[in-house]
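K.L.:
The amino acid sequence is not available; the structure is as follows:
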């Protein structure tokens, strides 16, 4: 990689690192695993940097790598769901701030991995149905049904736990 390409890569990653880390945490519910996942993604993006820069939407390409890497990591025998810990108070900026981060984390932990990925991509990262389908490699109809089921599960859990009155 040339020096100018490496500088572009560092700027690209630096500007998106916090967002990727938060998205990874919402997917895997563990800050250490989220950091590992982001490290994997950064390595993959570095190896395929020319492909990233030639993509129509480099951010979407990176998000797809993040989401698919998480799904791949979930299949590994040493990666299992861990108990939910409280998210640290630092690192969250105002636009992405959630009033009750712990409750959101607990509720998301009840969703199946792919359903959780759909909900996080659609409603936390604000991707369209089509973008989410492309990122996950599934149909738009599957995104819609997984979104509906995931939201219904979250709604039911929120009402039953008394977190919504």
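P.N.:
Happy to help now that I have it. Just so it is clear, the model here is predicted, and its values are computed rather than measured. Numbering: from 1, shown residues only.
K.L.:
For residue 127, which residues are in contact?
P.N.:
If you count contacts by C-beta atoms under 8 Å, 6 or more residues apart in numbering, residue 127 has them with 60, 63, 121, 135. C-betas here are computed from N, CA, C, even on glycine.
K.L.:
From residue 121, how far out is it?
P.N.:
Summarising the geometry, the distance separating residue 127 from residue 121, computed by C-beta to C-beta, to the nearest Å, is 5 Å.
K.L.:
what do the two both touch?
P.N.:
Contact criterion C-beta under 8 Å, 6+ apart; residues shared by residue 127 and residue 121: 63, 135.
K.L.:
I'd like to know which helix or strand in this structure has the lowest mean pLDDT.
P.N.:
Using mean pLDDT, DSSP states H and E, the weakest-scoring helix or strand in the chain turns out to be helix 101-108, at a mean of 78.
K.L.:
If any of the contacts of residue 127 are buried, give me the PyMOL selection for them.
P.N.:
PyMOL command restricting the contacts of residue 127 to the buried ones, with burial defined by 16 or more other C-beta atoms under 10 Å:
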select buried, resi 63+121+135
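K.L.:
What about the contacts of residue 127, which are in helices?
P.N.:
Among those, the members falling in helices are 60, 63, 135 (criterion: DSSP state H).
K.L.:
Quick check: of these, which lies closest to residue 143?
P.N.:
Lowest distance from residue 143 to those (C-beta to C-beta) belongs to residue 135, with 9.4 Å.
K.L.:
The closest one is in contact with residue 63, isn't it?
P.N.:
Yes: proximity of residue 135 to residue 63 meets the contact threshold set by C-beta atoms under 8 Å, at 5.7 Å.
K.L.:
Helix, strand or coil: sort out residue 138 for me.
P.N.:
Assigned state for residue 138: coil (three-state reduction, DSSP: H, G, I helix; E, B strand; the rest coil).
K.L.:
The one 3 residues further on now?
P.N.:
Taking three-state DSSP as the rule, one finds residue 141 in the helix state.
K.L.:
Could you check the pLDDT of it?
P.N.:
Per-residue confidence (pLDDT) for residue 141: 93.
K.L.:
neighbours of it, just the number please.
P.N.:
A count of nearby residues for residue 141, using other C-beta atoms under 10 Å, gives 10.
K.L.:
just the one 10 residues further on next, same as before
P.N.:
Applying the criterion other C-beta under 10 Å, we find 16 residues in the vicinity of residue 151.
K.L.:
show me the contacts for it.
P.N.:
Applying C-beta under 8 Å, 6+ apart as the definition, the contact partners of residue 151 turn out to be 119, 123.
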